[in-house]
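Undergrad: Sharing a model that was predicted from the sequence below.
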Amino acid sequence: MQSGQKAGSIADVGSIRVGHFTDTKRPTGCTVLLFERGAVAGVDVRGSAPGTRETDLLNPINTVEQVNGILLTGGSAFGLDAATGVMSWLESHGRGFHMGSIVVPIVPAAVLYDLNIGDPKIRPDAQSGYTACENAVSTNVPEGNVGAGAGATVGKIFGPRYAMKGGLGTASAQVGDSDLIVGAIVAVNAIGDVIDRNTGRILAGARTPDGLGYADTMAQLMAGATVRPRPGENSTIGIVATNARLNKAQATKLAQMAHDGLARSINPVHTMMDGDTIFAAATGTAGIASDPTTLTTLGAIAAEVMAHAVNRAVLTATGIPNYPAHRDMPKTQ
């Protein structure tokens, strides 16, 4: 996969539908993954300022074995309300954890902060989550300024004046000639710069004072530059999925390894000001159980696919007032 090319989507894993709600009143929204037959899931949180829901259920020692959907949303903690709408949609379709005649849908979620873009009173709610489910597709998943990536921004370590537009990206890869597929989807709202996984050049990040070039955040930090980020306003949140058959402990390991994809494509990442969270889901539809060797391969590929999805997020984004996108920068960048 080349970072500038279309690299498939997480829906290529199969038995997954992806839905976006993008608010037209301001840049914000939510993105949902719906699992047609449920999925075994894990999670790994590396950032120090996360906003999440139902992540404790994914601990391998806890009872619930499958999730029915996973939500990524803007709106900071307020946006977690969108998960209620996802639950309502799933309940109406009879999907969830069965407690006698009662069905309780299991929907873990993570949020990013975008309340500084436009009217902060406008944020995803339960109806947004329901609409995202109604919009779900199994092919041609939209990228860029959509869903949870609608209000995402990057390169904020020196303050919003120098930041750029982030977005939502997705990618997938087949494992050799096997039936195994690994996919990723991610909303990139990072404090750091986004780096081309293949070339190492900056694709989007903190800009120079004239706004025409990249400041190179790490070079500035190494030189002792003063930083101005605010805690909780930055998070990259994503999901990796595979059609392999995993248990919860293995899914958790897959999520851990996928974080390496963030480290390869965002610098710095996992800071005190970020809430970086990655979920992992296994549909098991390939019928292939994961042994340690297979899991190692899946995790290594998950990191690569996640890195390419991060690149896709900024390459497909379009600029908004005060936040230019990669495509808006001079071609010499």
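TA: Yes, it's here.

Undergrad: Please make it C-alpha for all contacts and neighbour counts, starting now.
TA: Fine.

Undergrad: Would you confirm that residue 201 contacts residue 214?
TA: No: counting by CA atoms under 8 Å, residue 201 sits too far from residue 214 to count as a contact (10.1 Å).

Undergrad: Looking at the two, which one has more neighbours?
TA: Shown here are residue 201 and residue 214; by other CA atoms under 10 Å, residue 214 has more neighbours (21 against 14).

Undergrad: who's the more buried one bridged to?
TA: Bridge pairing for residue 214 (DSSP bridges) gives the partners residue 207.

Undergrad: Could you number the chain from 37 rather than 1 from now on?
TA: Shifting the count to begin at 37 puts that one at residue 250.

Undergrad: so what's it up against?
TA: Residues in contact with residue 250, defined by CA atoms under 8 Å, 6 or more residues apart in numbering, are 238, 240-244, 369.

Undergrad: again, but for residue 94
TA: Neighbouring residues of residue 94 by CA under 8 Å, 6+ apart: 77-79, 100-101, 284.

Undergrad: Quick one: the helices in the stretch 37-186 of the chain, in order.
TA: Remark: helices assigned in the stretch 37-186 of the chain by DSSP state H, counting those that start in this stretch are 118-128, 162-170.

Undergrad: how much does the longest one deviate in direction from helix 162-170?
TA: Interaxial angle, helix 118-128 versus helix 162-170 (axes from the mean of the first three to the mean of the last three CA atoms, to 10 degrees): 50 degrees.

Undergrad: what residues does helix 118-128 touch?
TA: Helix 118-128 has contacts (CA under 8 Å, 6+ apart) with 66, 68, 104-105, 107, 109, 132, 139-145, 160-169.

Undergrad: list the helices and strands the top strand by length along the chain packs on?
TA: Longest strand of the chain, by residue count under DSSP state E: strand 65-81. Strand 65-81 makes packing contacts with strand 52-58, strand 103-109, helix 162-170, helix 284-301, strand 313-318 when contacts are defined by 3 or more CA pairs under 8 Å, 6 or more residues apart in numbering; DSSP states H and E.

Undergrad: Neighbours of residue 245, how many?
TA: Neighbour count for residue 245, taken as other CA under 10 Å: 11.

Undergrad: give me the low-pLDDT residue ranges for the chain?
TA: 37-43, 265, 267-268, 368-369 (pLDDT under 70).

Undergrad: now do 80
TA: 37-43, 264-268, 367-369 (pLDDT under 80).

Undergrad: picking that back up, of all the helices and strands packed on strand 65-81, which one comes closest to residue 334?
TA: Judged by CA to CA, the one of the helices and strands packed on strand 65-81 that comes nearest to residue 334 is helix 284-301, at 7.2 Å.

Undergrad: that older thread, could you export the helices of the stretch 37-186 of the chain as a markdown table, including distance to residue 316 and mean neighbour count?
TA: Formatted as a markdown table, the helices of the stretch 37-186 of the chain follow (distance: least, CA to CA, whole Å; neighbours: other CA atoms under 10 Å):
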| stretch | distance to residue 316 | mean neighbour count |
| --- | --- | --- |
| helix 118-128 | 18 | 22 |
| helix 162-170 | 19 | 23 |
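
Undergrad: So which residues make contact with stretch 276-293?
TA: Outside stretch 276-293, the residues that reach it (CA under 8 Å, 6+ apart) are 46, 49-50, 76-80, 94-96, 101, 216-221, 275, 294, 314-326, 331, 334-336, 338-339, 342.

Undergrad: And it, end to end?
TA: By CA to CA, to the nearest Å, the extent of stretch 276-293 from end to end equals 10 Å.

Undergrad: so residue 218 makes contact with residue 47?
TA: No: with contacts counted by CA under 8 Å, residue 218 stays clear of residue 47, the gap being 9.7 Å.

Undergrad: that older thread, of the contacts of residue 94, select the buried ones using a ChimeraX command.
TA: Per 16 or more other CA atoms under 10 Å, the buried members of the contacts of residue 94 correspond to this ChimeraX selection:
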select :77,78,79,101,284
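
Undergrad: Kindly indicate which of the contacts of residue 94 lies nearest residue 181.
TA: Among the contacts of residue 94, and counting by CA to CA, the member closest to residue 181 is residue 79, at 24.9 Å.

Undergrad: who touches the closest one in this structure?
TA: With contact taken as CA under 8 Å, 6+ apart, residue 79 is in contact with 91, 94, 287-288, 291-292, 313-316.

Undergrad: and those residues as CSV, adding distance to residue 203?
TA: As requested, the contacts of residue 79 are exported to CSV (distance: CA to CA, whole Å):
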residue, distance to residue 203
91, 24
94, 27
287, 25
288, 25
291, 21
292, 22
313, 16
314, 16
315, 18
316, 20
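
Undergrad: Any of these buried? List them.
TA: For those, a neighbour count by 16+ other CA under 10 Å gives the buried set as 91, 94, 287-288, 291-292, 313-316.

Undergrad: Which one of these is nearest to residue 193?
TA: Proximity of those to residue 193 (CA to CA) peaks at residue 313, which lies at 19.0 Å.
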